[in-house]
Structure formats: structure tokens, C-alpha cells
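Peer 1: After the sequence you'll find the predicted model.
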Amino acid sequence: MSDTTSTKGSDFESGLAKSDTRVADFSGHGRTPLQHLQHFLHANPTMVPIIVLLFGIMVFGLLIGQRFFNAFTMTLILQQVAIVGIVGVAQTLIILTAGIDLSVGAIMVLSSVIMGNLAVGMGVPAPIAILVGFAVGTLCGAINGVLVAKVKLPPFIVTLGMWFVYEAINFIYTQNATIRAQDVTAEAPLLQFLGNTFQIGGAVFTYAVVSVLVLVALFYYILNYTSWGRHVYAIGDDEDAARLSGIRSNKVLISVYAVSGLICAFAGWALIGRIGSVSPTSGYEANIQAITAVVIGGTSLFGGRGSVLGTLVGALIVGVFAMGLRIYGTDPQWTRLTVGALIILAVAADQWIRKVSA
């Protein structure tokens, strides 16, 4: 009797093992190559923009040759995308929470003109003026966050309205007057610090380029290895589930918008260094450029998936295509057409990748 029971038990375990094997085969080895690619890209969203960047570099390298691959051209691309990269980090934080901030450019410019007018127009020491500008940017971002988190207004509507508010404050405060580069250099050269250059071999870098690389590395660590970063992703993936799991979503959202405003103020300092002067009319396309970099960089507009590293790559993609088409001698409108097509392709790729079942 015991032998019979033992045999039946052995047969049952053998059948269960076969069943488990069949399940494993069905869930993993039964995928097509396209499904394997889909799952890989879902797990590594930064790979899509990296592939596009390498493709762009290869194409323009073949079309243009040495003129494109020299150190001056490569570092010039970095200089041109530095400010977009900084603002892009701020925009990435917002979009990861399934929001969007149309006021980032206005916050950047408002912070920069406050720094300039305090340091040059009122004689405030430049370090203090810069800190005040940072405080203003943080306050602007926090106001956006309170309206989104506490008042429960849609992020698109809130930041669209605040874009006009911050822009109006900027023009009222400055009376649409520009502070000349000569005056900034004479009275507050620290404001231009991030525009200063240094050379390594044949490559010329600005301190703004270094700062965007440091900023991306910093927030890559924060988003991936701190509880705050994990909360940001959780809220973007499913805010209700995050709240039920004990995450104080309102507090996190306000902090995200406040930190975003601080980063935009830092971009305002970089903007002064880039153009030399303090202008209330410069940099207003930064919001669109930042969203472009974030989307092309693989961050999902639906929130919960993406990376600041991808945003930097997205900014570089735009820079590479813009520089490559310019050197090749095409009409500037081809750059806008190419960027528009890349945005649509990026969103389509995101939709396809998101179809991967949990």
C-alpha cells in the first residue's frame, strides 16, 4: 500500500514539474524576437534614445565626415544643449509624476533677471543675488506644486496659467529692460561664471556643460537610490496605490515642483553665462525644448517610467541633428521637421513599449 502511494506521489510530482516547465516555457521562451525587444526596451527605456543618438552620429559622420567629428563641433553641441539639459532635468521630475510644467522657461528667466537686477542694478553682492534668485525659483515651483497637489488642479492648466503670470511679473519687474553684458562683467562677473570656458586638448568646455553632467549624475542617483526618488516613480505609476501604500503623495508632489523650480533658477544663472547679458526676453522656448528632450529621451508622458540620463541623451539628439543639418547646409526648417518627427516617433515607441504586461 505504501509502495503504491509512493508511486502515485512520485507521478504527481513529476507531472507538476512538467507543468511548471510548460508554464516557464510559455512565459519566457515562447516570445518572438520582437516581443523580446519590447520587454528589453521596457526594462531599459534609455536604450531607445541611445540607439537614435548613435544612429544620428553615424549618419552625419558618413555625410559630413571630419567636419562633424572634430572636437570643436562635438563640444559646441554640448555647449548648445547645456541649458536645455538643465531645464530638462527639472521637467523630467515633473513628467515622472505624470504631470507637466509649461512654466519652466518663465521661472528660469524670472530668476535670472532677479539675479541680474539685484547684483547690477541694486549693488547686492553677486552670491546673495544668486541665492535670492534660487529662492524665487523654488517659491515659483512650490506654488505650482500646491495648486496641483492641494487644490487638485490639472498640471497642464496650472502651469499654463502660471507661465503667463511669471512672464508678466518678469516684464513688470524689469520694465522690459536688458542689462548689458559689459555692465554684468564690470559689476557682477560671478553671474557669468557658468559661461566661462576651459580647454582640454582641442575641446572647449563651459562650466555649464560640467554642471549639467553633475546635475544629471546627482539626480540619477537620487531617483534610483533614495526613498524620495522611489516615491516619485510610484506616484507617477499610480498615485492612488502610492497613497494607499503610505506615501504622502501631496508632500512629495509639492517637493518635486519646488525642486524643479530650484533647478530652473540654476538654469537662469547658466543662461546669463551663456548670453552674457540679462534679458527678460531670452529663453522662453526652454519649456518646449525641455519637453522635447524629455520625450525624445524616453520618459513616458504617462509618468512612472524614464530617466534624467535619457533626457540628457534626448537633448544631445536634438543638438546632433541641428548641428549636423546646419553643417550639411540644409534649410533650418528641416531641423524643426526632424525634431517634430522624432517627437511623434518617441511617443509612438513609448505607447508600444507600455503594452508589455506587468
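Peer 2: On my side now, so go ahead.

Peer 1: Name the nearest residue to residue 110, sequence neighbours excluded.
Peer 2: Nearest residue to residue 110 in three dimensions, chain neighbours excluded: residue 170, at 4.7 Å (C-beta to C-beta, 6 or more residues apart in numbering). C-beta here means a position set from N, CA and C on the backbone, and glycine is covered the same way.

Peer 1: Next one: that neighbour, what pLDDT does it get?
Peer 2: With respect to pLDDT, residue 170 scores 94.

Peer 1: give the contact list for it.
Peer 2: Going by C-beta atoms under 8 Å, 6 or more residues apart in numbering, residue 170 touches 106, 109-110, 113, 280.

Peer 1: Dump the residues you listed into TSV; add secondary structure and distance to residue 230 as well.
Peer 2: Output for those, formatted as TSV (DSSP: H, G, I helix; E, B strand; the rest coil; distance: C-beta to C-beta, whole Å):
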residue	secondary structure	distance to residue 230
106	helix	30
109	helix	33
110	helix	32
113	helix	36
280	coil	39
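
Peer 1: So what does the nearest residue to residue 314 once chain neighbours are set aside look like in phi/psi?
Peer 2: Spatial nearest neighbour of residue 314, chain neighbours left out: residue 297 (2.8 Å); criterion: C-beta to C-beta, 6+ apart. Torsion angles at residue 297 (phi, psi; degrees, to the nearest 10) stand at phi -80, psi 0.

Peer 1: Same check on residue 152?
Peer 2: phi 70, psi 40.

Peer 1: Count the residues that sit near it.
Peer 2: The tally of other residues near residue 152 (other C-beta atoms under 10 Å) stands at 9.

Peer 1: Which SSE is immediately downstream of whichever strand or helix holds the residue nearest to residue 110?
Peer 2: Per DSSP states H and E, residue 170 falls inside helix 155-174. Per DSSP H and E, the first helix or strand lying C-terminal to helix 155-174 is helix 181-187.

Peer 1: next SSE after that following helix?
Peer 2: Next along from helix 181-187, by DSSP H and E: strand 197-200.

Peer 1: now could you export just the CA positions of that next one as PDB?
Peer 2: What follows is strand 197-200 as a C-alpha-only set of coordinates in PDB (Å, rounded to 0.1, in the frame of the first residue of the first chain):
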ATOM      1  CA  THR A 197      35.400  78.200 -20.800                       C
ATOM      2  CA  PHE A 198      38.300  75.900 -20.300                       C
ATOM      3  CA  GLN A 199      40.100  73.700 -22.800                       C
ATOM      4  CA  ILE A 200      41.100  70.000 -22.800                       C
END
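
Peer 1: Use 2 as the first number from now on
Peer 2: Let's use 2 as the start, then, which means that last one is strand 198-201.
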